[in-house]
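# next comes the sequence, and after it the predicted model I'd like to discuss.
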Amino acid sequence: MAFQPTMPFGGTAGWSFLTRTMETQKAAMQASPVVKRDMDYFRANIAKVGSAEDLVKDYTLLKVALGAFGLQEDLPNKFFVRKVLEEGVFDQTSLANRLSDPRYGAFSKAFGFGGAGVPRTVLSGFPDEILSAYSDQTFEVAVGDTQPELRLALGLERELDRVLKGATSADAHWFGVMGSPPLRNVFETAFGLPESFAALDIDQQLRVFRTRADAIFGAPEVADFAAPEMLEGLRDRFLLLTELDGGSANLASTPVLGLLSGAAGSIGSASVLSALYSA
């Protein structure tokens, strides 16, 4: 039976409960038979892997490898995963660099199959590095099975750091947020953006993200949210608005949003978009 964390409620109260009990609950997860078996197998066998082909041939190794980066849904896509790994990240035209989701670049870079030297799988500290990430991600997935917003809250700092390290310009940071499904969800929810927002021109989205970040937090750039107090504020607002809206990420019609962002009353999606684009 898969590990099931104790999550009596979600939202801000759930986050408070989770942070108090996380150490104990994660230890219980790591000791559960399925998780322990997979982690022990990875530790014992990953050093034998010398190529992307070797990795994708081994179901358990690939399961842990992808799971460490939140990419477990790609487990059946072996050809795609192999290509991401083999092309590496040094060539800007490589598949990992062309994908908008920064998790693929981090995954490819971590294993190092696309470089000129030996892969990182032979390094003594590599198993601990990947297994630590796998443990975190596996716990987040288990939490998300009952409280999806808490999964996003748990991974927020890591995913934000990944975007900031993966790009150098302020615009590229925002594009990284847009390309990361977990981060996009958090920011769109915290900014009260409707579901239709993602269909807009990418440059228009950039302007709206920056405008909303400045209007709500006084922080127009993604790098601003690396500060602990800003990160906490973003997480708290995301959880509060998710809770108030019953778990929906589409908050454009939530009455309390107008109060929180300085607007008057509740307005529909079209009005929200019109106001944002004219800003």
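On my side now, so go ahead.

# any idea how far T121 lies from R98?
24 Å (Cβ to Cβ, to the nearest Å). C-betas here are computed from N, CA, C, even on glycine.

# same thing with R210?
24 Å.

# who's more crowded, these two?
Comparing R210 with R98 by other Cβ atoms under 10 Å, the one with more neighbours is R210, at 18 against 12.

# skip the chain neighbours and tell me the closest residue to the more buried one.
Of all residues not flanking R210 in the chain, P220 sits nearest, at 4.9 Å (Cβ to Cβ, 6 or more residues apart in numbering).

# what's near enough to touch the one you found?
If you count contacts by Cβ atoms under 8 Å, 6 or more residues apart in numbering, P220 has them with 210-211, 213-214.

# now do it against G166, distance only.
20 Å.

# ditto for S94
Taking Cβ to Cβ, one finds S94 at 13 Å from G166.

# and what of K48?
Distance from K48 to G166, by Cβ to Cβ: 29 Å.

# confidence score at the residue nearest in space to the middle of the chain?
The centre of the chain sits closest to P182, judged by Cα atoms, centre = their mean, with a distance of 4.0 Å. At P182, the pLDDT value in this model is 94.

# so, low pLDDT: which residues of the protein?
Counting by pLDDT under 70, the chain contains low-confidence residues at 1, 246-279.

# tell me the domain boundaries of it?
11-141, 169-277 (automatic domain parsing).

# what would these look like in TSV with distance to A2?
Converted to TSV, the domains of the chain look like this (distance: least, Cβ to Cβ, whole Å):
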stretch	distance to A2
domain 11-141	6
domain 169-277	21
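
# picking that back up, any idea how far the residue nearest to R210 is from T189?
19 Å.

# what's the local residue count around G117?
Residues lying near G117 (other Cβ under 10 Å) number 6.

# skipping its backbone neighbours, what lies nearest F187 in space?
Looking at F187 with Cβ to Cβ, 6+ apart, the closest residue is V177, at 5.7 Å.

# so which strand or helix has that neighbour?
helix 170-179 (DSSP states H and E).
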